[in-house]
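A.B. asks: Task: produce atomic coordinates for the following.
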Amino acid sequence: MTKNLLKYREDPPVSVYGVAPDEVPCFAIESDPGDVLIFNQLVAHSSFGGSSGRRMFTMNFTNRPETPDYEAYHRRIYEGHLKLKREQGNEDTVYWPGFLEGGGPRRQSAVRQLLDWGFQ
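C.D. replies: Residues are numbered from 1 along each chain as shown. So this is what the prediction gives:
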């Protein structure tokens, strides 16, 4: 169901599923600028009715993949981010170079896997 919505990311119709926006079954989490929301990324989630100029900063935390299946899962996530960036006409990169190059040894250890996989 979520993949069906991704094609409408930039120009969503009023009713993707044949119901009005206020009729979509959901739980609304109201927030104010500066609020932090923490949830499992596997939960279907979305923003609706926000202004086009709003900003969002996302941070994902996970453990280092230790099995081939878990590594493949992580690669699919990053490949999806890169595909989305390309579709939006952004640079052919997911991460700002300063993020990948800086931050000291601890961050370098965390991003080394991404660089080894070819995600710049």
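
A.B. asks: Just the CA coordinates for the helix or strand hosting G80, please, in CSV.
C.D. replies: In this structure, G80 sits in helix 68-87 according to DSSP states H and E. Taking C-alpha atoms only, helix 68-87 is exported to CSV below (Å, rounded to 0.1, in the frame of the first residue of the first chain):
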residue,chain,number,x,y,z
PRO,A,68,23.8,-11.4,4.7
ASP,A,69,20.0,-10.9,4.8
TYR,A,70,20.3,-8.0,7.2
GLU,A,71,23.0,-6.4,5.0
ALA,A,72,20.8,-6.8,1.9
TYR,A,73,17.9,-5.2,3.8
HIS,A,74,20.1,-2.2,4.6
ARG,A,75,21.4,-1.9,1.1
ARG,A,76,17.8,-1.8,-0.2
ILE,A,77,17.0,1.0,2.1
TYR,A,78,20.0,3.1,1.0
GLU,A,79,19.4,2.2,-2.7
GLY,A,80,15.8,3.5,-2.2
HIS,A,81,17.1,6.8,-0.8
LEU,A,82,19.4,7.2,-3.7
LYS,A,83,16.7,6.4,-6.3
LEU,A,84,14.4,9.0,-4.7
LYS,A,85,17.2,11.6,-4.8
ARG,A,86,17.8,10.9,-8.5
GLU,A,87,14.1,11.1,-9.3
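
A.B. asks: Let me see the ranges of the helices in this protein.
C.D. replies: Along the chain, counting by DSSP state H, helices occupy 2-6, 68-87, 97-101, 104-116.

A.B. asks: buried ones in the third one?
C.D. replies: Taking 16 or more other Cβ atoms under 10 Å as the basis for neighbour counts, the residues of helix 97-101 that come out buried are L100. Bear in mind the C-beta positions are built from the backbone N, C-alpha and C, glycine included.
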